[in-house]
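Participant: pasted the sequence and its predicted model underneath.
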Amino acid sequence: MRKSLTRRERLRHRDEIENVFRRGSSYRCRGLAMKCSKNGLSWSRVLVVSPRSVGKAVRRNRLRRVGKEIFRTIKHTVLGGYDFVFVVYPGDYSFQERQEQFLRLLSDARVHIFRDRDPHHSTRPTH
RNA sequence: ACGGCAGGCCGGGGUGCCGCGCCGUAGCCCCGGCGGCAACGUCGGGCCGCGGUGAGGAAAGUCCGGGCUCCACAGAGCAUGGCACCGGGUAACGCCCGGGCCUCGUGCGCCGUAAGGCGUGCGGGGACAGAAAGUGCCACAGAAACGACACCGCCCCGCUGCGGCGGGGUAAGGGUGAAAUGGUGGGGUAAGAGCCCACCGAUCGCGGGGUAACCCGCGAUGCAGCGGUAAACCUUGCCAGGAGCAAAGCCAAGCAGCGGGUGGGUUGCUCGCCCGCUACCCGCGGGUAGGCUGCGCAGAGCGUGCCGGUAACGGUACGCCGAGAUAAAUGGCACCCCAGGGGCCGCCCGUCCGCGGGCUUCCCUGGACAGAACCCGGCUUACAGGCCUGCCGUUCAU
RNA sequence: GCCCUUGUAGCUCAGUCGGUAGAGCACGUCCAUGGUAAGGACGGGGUCAUCGGUUCAAGUCCGAUCGAGGGCU
């Protein structure tokens, strides 16, 4: 499977983003928050942002890039048909610790598929 | 060798795997539009390959100056705002370069008992026009704060009850203040005072040098107009029309109009000019927050050499084409080199026996400040570490 | 990206033309009350966001920096 994250798989428009923030379900843990909602498409779309309190543009870009990279490497284990918004908060975390935060919130939302299981028989999300 | 100051430059490099934006290009024939009966052609998109390319010296703050776009043209005057020694550079500037003057620090020399003064060298700083056009302000203190004045004093005359009192002269000394109407020394005088003299300062005139700011020399005037503040109003000279790429133009989608004004034309006033009076403007309400152009373009462009210039910079020849996103591309992981910091075992060298330096090995960091958003020229601010040049100081060697 | 506004006591704000920084609430002590609140008297508390400049003198004038808030398709 390709590990790319193309333009189609990113959440790009203001109304779509505001829709997720307004109507999506919330999940959060230390250092990360996630909002998601169904988008009616066959694939999932994602957006990673960092709040203004993180600091200046360089630090905020860095957190967004790490978040995008994590989603890219694990996106084949995520169900299709959802819009995700990840809000990355500052903290002294390594790449692996950040990845665990993402996997935990995706599991909490029941949209995470483990690789040793057949995707077609996994439990459907309940919202 | 080390340390300090000033100026200039750089701001990690490489390999592998995975990934992102943009440009070009072959393919698939996946999707849509148009043409065609069809095969297919064409345009746009998607996917998958290949090639190219991909953050900074400040990209930052948005403090100045332009280009560019729109306001019919970008016109005149006033208002308003900005700038301000002189000359040059530049598209322009409040920027840069050179020069002048003032001021601060410091070395040397001279004068002086000293305080200090003068000359000169080096380095730093200066929003540095005008206070003899006018207005305002100068708290407290002080007699008096701008054309004003006598508190303590000093001196003369008169009176006296010998304590002083009155009239006048004076501004040297004390005192107040940030600042008291030239300074120092001498003469003079009742005491004093540019009252007179010498030197310094100031003003004016003449001559010389310099494009100029200004400098130098000589002479005259006792200085009778002279305090400070224009980053107070102001005066003089110069500059500026306004808004800003969320400018501006086009396409698609969508909605609902109502009330008011007669003028409107992107700060204010007047004039001119233009447009319009089925138009335009103002207010309330409703709808849309998508795409394309602008916008990645050869440009006040970058690099190197030569020429002119003290320099900023200009000219010329050759070469090069160097990001273009839009919830916003330039990233992630691993390793090596290099650089820096820290620790321990061992080895070597020096030793004033406190330790210092080098090698090996291990760990940490990739280091600081910081992310293009229409584009340039500056300014300001932030910044780990390193390199180069010049000057100064200390030590060692010759 | 562009354009504005603002920063004064713990909080909300005054401070004109430069001349020793104030008000209300809050805080402390005392009075008053059997006690508390209200009330009264007295008092403490400020790097005027930071740095530099002009001036004899700066919260005020000028420049730079930092922070906070708002608007523009």
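Facilitator: In hand now; what should we look at?
Participant: give me the element residue A:65 is part of.
Facilitator: Using DSSP states H and E, residue A:65 falls within helix A:57-74.
Participant: how about stretch A:91-107: buried residues?
Facilitator: A:93, A:98-99, A:101-102, A:104-106 (16 or more other Cβ atoms under 10 Å). Any C-beta I mention is one placed from the backbone N, CA and C, and that applies to glycine too.
Participant: got a list of contacts for the helix holding residue A:65?
Facilitator: For helix A:57-74, the external contacting residues (Cβ atoms under 8 Å, 6 or more residues apart in numbering) are A:3-5, A:46, A:48-50, A:52, A:54, A:78, A:84, A:86, A:88, A:90, A:95, A:98-99, A:102-103, A:106.
Participant: so which of the buried residues of stretch A:91-107 is the closest to residue A:33?
Facilitator: Distances from residue A:33 to the buried residues of stretch A:91-107, taken as Cβ to Cβ, are shortest for residue A:105 (7.9 Å).
Participant: still on that earlier bit, quick check: mean pLDDT of the following helix or strand past the helix holding residue A:65?
Facilitator: Per DSSP H and E, the first helix or strand lying C-terminal to helix A:57-74 is strand A:82-88. The average pLDDT within strand A:82-88 is 89.
Participant: helices or strands up against strand A:82-88?
Facilitator: Judged by 3 or more Cβ pairs under 8 Å, 6 or more residues apart in numbering; DSSP states H and E, the packing partners of strand A:82-88 are helix A:14-23, strand A:32-38, strand A:45-49, helix A:57-74.
Participant: switch those over to JSON lines; also include mean neighbour count, distance to RNA strand B and mean pLDDT.
Facilitator: JSON lines is the format used below for those (neighbours: other Cβ atoms under 10 Å; distance: least, Cβ to the nearest atom of the strand, whole Å; pLDDT from 0 to 100):
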{"stretch": "helix A:14-23", "mean neighbour count": "12", "distance to RNA strand B": "4", "mean pLDDT": "81"}
{"stretch": "strand A:32-38", "mean neighbour count": "20", "distance to RNA strand B": "11", "mean pLDDT": "88"}
{"stretch": "strand A:45-49", "mean neighbour count": "20", "distance to RNA strand B": "5", "mean pLDDT": "88"}
{"stretch": "helix A:57-74", "mean neighbour count": "16", "distance to RNA strand B": "4", "mean pLDDT": "87"}
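Participant: this completes my enquiry, with thanks.
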